[in-house]
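Novice: this one's sequence-less:
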């Protein structure tokens with residue numbers, strides 16, 4: 001048995017919380033002895049029931065607690081087809097718990113309350129309870145709380161005796177107990193008087209159960225308690241034939257003997273009671289208890305899950321707006337499908353499971369992914385959002401925001417969902433819900449390719465514009481959505497009513513969403529906002545930018561250092577100085593050249609919302625100018641005044657072009673190869689034009705005139721590889737909110 005932990009009380013238990021290793025689902029029962037919760041047992045991958053009660057602080061409570069601990073081993077090893085297994089007995093804080101499988105069919109009490117039970121069916125229940133009692137008594141266990149609500153049923157109506165919270169292990173008898181009086185209508189007089197309890201005490205409770213099973217009511221309709229009256233009178237059980245004259249005459253005498261005030265006057269065993277009931281009704285010899293293997297038990301659990309799914313689907317098919325499962329029953333079906341249908345199930349069942357998962361907040365992300373069609377996911381989401389439950393709305397918006405395919409649904413359905421989400425955002429009841437709705441809209445609505453008059457229709461665009469006007473986080477989300485949709489109508493409508501202090505931030509958020517502003521915004525203002533936006537984007541994630549620059553600088557240092565090492569002429573005696581000079585000049589070039597590559601990549605990767613052509617033009621031009629400046633400084637300071645030509649600028653633009661286009665590729669190897677090709681073409685091509693074609697201009701870098709093309713190519717590889725590889729090592733695209 002697990003040891004006690006920090007103090008935990010019944011009122012601390014909440015759905016979704018952990019209790020020991022179990023995930024609590026919902027409270028499914030309550031009584032004088034505690035509460036019952038359904039839960040997920042991750043080890044068994046099964047839904048279980050946990051009966052939990054507070055441990056009494058009194059001396060007698062502590063004695064009772066120690067008794068349960070001593071008897072736990074016997075209770076945990078009870079094995080019978082009609083006894084609910086006990087998986088675990090333990091203490092958690094101030095609570096004692098009993099862990100058992102969850103049974104889906106309810107209890108015998110519920111069946112009694114709901115319908116008349118045919119005689120043959122009732123006799124089967126009697127037989128199963130009697131077999132279970134005989135087994136318990138053979139193990140030295142007295143149940144002490146036998147009643148219809150403690151006889152559970154699966155969906156095929158197989159019964160099992162449950163709830164051993166009051167059970168005790170005895171040899172021939174147990175001493176008087178000062179707790180656990182049982183349930184009054186079913187308890188024998190000796191239990192009410194806290195006197196000696198025997199196996200015949202359970203038979204007394206069985207007798208009351210039989211009376212109720214045959215008459216569908218308690219003796220005297222529950223207004224009097226037979227066991228209490230027998231403490232001071234000789235009253236007997238009322239005649240069941242007064243309620244149902246069709247019952248056999250011998251039944252009355254049998255039930256009165258089973259419920260005799262003196263335990264010694266009662267039958268010896270439950271099997272004797274069963275035999276006499278069978279005889280009274282003329283059923284012939286009592287049947288023998290069945291042998292049920294673990295495989296059969298597992299098959300019963302599977303059948304229960306299948307029946308639950310079938311019944312729920314039929315109910316949902318008639319009323320799709322309703323959730324046909326309880327959370328616990330949904331969890332039973334969910335665990336079954338995870339184990340037996342791990343890949344795919346029919347689309348209509350996917351929708352049923354997704355709707356229920358979202359309604360209860362249980363494995364909703366998993367079922368969102370398992371629902372294969374985008375239109376099915378959106379239809380379920382729309383149906384639930386329309387119900388107006390904020391908690392369900394939050395769940396739906398969360399999964400929508402993480403679904404990369406949410407915008408791939410049919411156009412009409414996407415627009416329906418969008419209108420619902422926009423209305424949800426406009427309600428302003430819950431700020432967090434409002435933000436999630438706006439962010440989900442950005443996820444599912446396609447980005448406008450160009451600025452257009454309206455995106456969602458004039459009315460919806462104006463509604464969106466009104467959301468963007470206040471100075472708040474949700475308003476910034478609305479402004480970014482305006483930019484994402486590129487609605488000129490929404491821009492004009494929001495600027496028309498926005499305060500002057502708000503309008504600049506509003507335009508900046510729209511620029512962030514679109515990468516540009518519409519022509520309706522004056523050119524000077526558009527330019528100022530664009531420059532401010534670019535500077536903000538370049539300043540994102542400074543540590544990552546610094547790491548990228550360090551990587552690019554190292555690659556440039558190695559590349560140009562190797563170039564100097566290959567081309568610098570120095571006496572052989574200066575080997576160490578030769579290396580130092582190469583590294584110094586490589587570091588000088590690496591600092592300037594690396595900044596040009598960094599700027600090219602920053603503009604391409606950080607300005608992802610800007611249209612591709614202007615973004616390419618800006619990054620290639622800005623990066624090329626910095627790279628050209630680096631080559632000019634190289635020739636002036638390192639090569640001591642070597643001539644400068646337009647080829648430096650053209651070659652620099654080619655290098656910047658290679659690194660700019662490389663950012664559009666996902667494969668790291670292809671990015672490096674493209675950059676290596678750009679470096680080779682610019683450095684080697686300029687040298688070839690200067691050396692072989694006889695053009696009168698200075699190349700970007702110099703090689704030995706006596707070198708063969710193969711030597712030049714080898715040197716270009718040595719120079720270009722570290723720059724191309726390390727220059728693309730750190731990605732600079734920011735993770736958008």
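Specialist: Now that the structure is in, tell me what you want to look at. Given the structure is predicted, the values throughout are model-derived calculations rather than measurements. Numbering: from 1, shown residues only.
Novice: any idea which element residue 555 lies in?
Specialist: Using DSSP states H and E, residue 555 sits within helix 542-567.
Novice: now do the buried residues in that helix.
Specialist: 545, 548-549, 551-566 (16 or more other C-beta atoms under 10 Å). Quick note: C-beta positions are derived from backbone N, CA and C, even for glycine.
Novice: and the longest helix that the chain contains, what other elements does it pack with?
Specialist: Determined from DSSP state H, the single longest helix within the chain is helix 575-606. On a contact count with 3 or more C-beta pairs under 8 Å, 6 or more residues apart in numbering; DSSP states H and E, helix 575-606 meets helix 523-538, helix 542-567, helix 612-633, helix 646-662.
Novice: of these, which is nearest residue 128?
Specialist: For the helices and strands packed on helix 575-606, proximity to residue 128 was assessed by C-beta to C-beta; helix 542-567 is nearest, at 68.0 Å.
Novice: ok, now which ones touch residue 611?
Specialist: Applying C-beta atoms under 8 Å, 6 or more residues apart in numbering to residue 611 gives the contacts 515, 516.
Novice: again, only this time at 6 Å
Specialist: Under the criterion of C-beta atoms under 6 Å, 6 or more residues apart in numbering, residue 611 has no neighbours.
Novice: pLDDT value on it, please?
Specialist: Residue 611 is assigned a predicted lDDT (pLDDT) of 88.
Novice: again with residue 33
Specialist: For residue 33, pLDDT reads 63.
Novice: could you do residue 295 as well?
Specialist: Looking at residue 295, the pLDDT reads 66.
Novice: worst mean pLDDT across the helices and strands of this protein, which element?
Specialist: helix 59-76 (a mean of 62; mean pLDDT, DSSP states H and E).
Novice: tell me the first helix or strand C-terminal of that helix.
Specialist: Counting by DSSP H and E, what follows helix 59-76 is strand 88-92.
Novice: what helices and strands are in contact with that next one?
Specialist: In terms of contacts (3 or more C-beta pairs under 6 Å, 6 or more residues apart in numbering; DSSP states H and E), strand 88-92 is packed against strand 95-101.
Novice: what packs against the strand it packs on?
Specialist: strand 46-54, strand 88-92.
Novice: I'd like to know which of those strands lies nearest to residue 700.
Specialist: With C-beta to C-beta as the measure, strand 46-54 is the member of these nearest residue 700 (70.6 Å).
Novice: average pLDDT for the strand or helix carrying residue 504?
Specialist: Using DSSP H and E, residue 504 falls within helix 500-514. What helix 500-514 shows for mean pLDDT is 92.
Novice: secondary structure class of residue 610, three-state.
Specialist: coil (DSSP: H, G, I helix; E, B strand; the rest coil).
Novice: so how far is stretch 80-100 from its chain's centroid?
Specialist: Mean C-alpha position of stretch 80-100 versus that of the full chain (C-alpha atoms, centre = their mean, to the nearest Å) differs by 28 Å.
Novice: end-to-end on that stretch?
Specialist: 14 Å (C-alpha to C-alpha, to the nearest Å).
Novice: which residues are contacting stretch 471-481?
Specialist: By C-beta under 6 Å, 6+ apart, stretch 471-481 touches 431, 434-435, 438-439, 441-442, 464, 467-468, 502, 506, 509-510, 512-513.
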